[in-house]
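Q: Task: produce atomic coordinates for the following.
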Amino acid sequence: MEGLRGRHQGSKPRRATPAVQGRVIRRAQQKPTDGSTHWSVRKLAEELGVSKSTVHRILAQARLQPHRLERYLASNDPAFEQKAADIIGLYVNPPQHAAVFCVDEKTAIQALDRLDPVLPLSPGRAERHGFEYYRHGTLSLYAALNVKTGVVEGKTASRHTSAEFVAFLTELIAKAKWAREIHIVLDNLSAHKTPAVEQFLADHPKVRFHFTPTYSSWLNQVELWFAKIERDVIARGVFTSVTDLKRKLMRYIRAYAQRARPIRWTYTDLKRRIITKRITGTGH
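A: Here you go, the predicted model:
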């Protein structure tokens, strides 16, 4: 009978009983009492008298991440649902024989030149830029993303005015003469609602504006492309002048047109407040 007994007594009973798990989860969702804004694993373990590995395991199982923070901005537009449905309707089911463009401006792009030489990428070492820089000036970039093809039409400008915006729209519609209707998605910037813009709409009756709700830039597809050109060109770029910045921006736009693809815009519930047959918009 003695030979049937195991030589090892096994691991000790776990401290993470359901009661302990409940205490950890509940306390992690509360603020610390020492004035700090959030818990760390070690601080929470010390507070509850358990090991940090136990706290880490419980938080991972409960998918709680006290160290992370996400920000949000809620739209205060009373007509949010109507405007959002109008724009999503253009993406999901655009009208026939119509061109749909997402238009916006990326303002104050700085032409930064590094004072120290750039150290190139090498095995075991990332590319290095000097901390000090020289600012040559700024530039604005007007961009219009074709929803159907994904191709971007761009134009740089030294100023960000209503006149520059109208000039860009004039060039844009000249490239879409084939369209019976031209729908433009844009934000509520004051330069988009000036008398000059209203006169432009009066002179071009087939152009329709679709304004995004306030604080809802995510509805404008060109914002996704702006994030891409920021990563690919602007953030790590070295520009010897404003002219050099303009040249590199336009070179990227021309190269992007060769591989452009439309953004696959999806909506989870097409039956809920989505306008797919009647397209509205602001004329004149």
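Q: When you work out contacts or count neighbours from here on, use the C-alpha atoms and nothing else.
A: Will do.
Q: longest single strand anywhere in the chain?
A: Counting residues, the longest strand found in the chain (DSSP state E) is strand 98-114.
Q: Quick check: neighbours of it in the sheet, parallel or antiparallel?
A: strand 133-146 (antiparallel), strand 181-186 (parallel) (DSSP bridges).
Q: And it, what's buried?
A: 98-105, 107, 109-114 (16 or more other C-alpha atoms under 10 Å).
Q: Please identify which pair of these lies farthest apart.
A: Ala98 and Arg114 (45.5 Å; C-alpha to C-alpha).
Q: And for Asn188, nearest residue in space, chain neighbours not counted?
A: Phe211 (6.2 Å; C-alpha to C-alpha, 6 or more residues apart in numbering).
Q: and the one you found, what are its bridge partners?
A: With DSSP bridges as the criterion, Phe211 is bridged to Leu186.
Q: where along the protein do the helices fall?
A: For the chain, helices defined by DSSP state H occupy the ranges 18-28, 41-48, 52-62, 80-92, 162-174, 195-203, 222-229, 242-259.
Q: now what about the first one, what contacts it?
A: Which is helix 18-28. Applying C-alpha atoms under 8 Å, 6 or more residues apart in numbering, the contact partners of helix 18-28 are Trp39, Leu44, Leu48, Val55, Ile58, Leu59, Ala62, Leu64, Pro66.
Q: just the fifth one next, same as before
A: Helix 162-174 has contacts (C-alpha under 8 Å, 6+ apart) with Tyr142, Ala144, Glu153, Lys155, Ala157, Ile182, Ala191, His192, Thr194, Ala196, Val197, Phe200.
Q: Looking at those residues, which is nearest Pro94?
A: Nearest to Pro94 out of those is Ile182 (C-alpha to C-alpha; 10.7 Å).
Q: Tell me the pLDDT of that closest one.
A: pLDDT, Ile182: 94.
Q: Show me what it is bridged to.
A: Beta-bridge partners for Ile182, by DSSP bridges, are Ala99, Val207.
Q: State the mean pLDDT of stretch 98-107.
A: 94.
Q: coming back round to it: now the angle from the longest strand of the chain to helix 80-92?
A: Calculated by axes from the mean of the first three to the mean of the last three C-alpha atoms, to 10 degrees, strand 98-114 forms an angle of 100 degrees with helix 80-92.
Q: about what we covered before: wait, which of the strands paired with strand 98-114 is closest to Leu224?
A: Here strand 133-146 is closest among those (C-alpha to C-alpha), at 9.9 Å.
Q: hmm, back to that, now do the same contact list for the residue nearest to Asn188.
A: For Phe211, the contacting residues are Lys83, Val185, Leu186, Asp187, Asn188, by C-alpha under 8 Å, 6+ apart.
Q: ChimeraX command to pick out the buried ones of those?
A: Of these, the buried ones go into a single ChimeraX selection, burial set by 16+ other C-alpha under 10 Å:
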select :83,185,186,187
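Q: Now do the domain split for this protein, please.
A: The record's domain parsing of the chain by automatic domain parsing lists 14-62, 80-259.
Q: Touching, Thr212 and Leu219? I think so.
A: Yes. Using C-alpha atoms under 8 Å, Thr212 is in contact with Leu219, at 6.7 Å.
Q: Okay then, goodbye and thanks.
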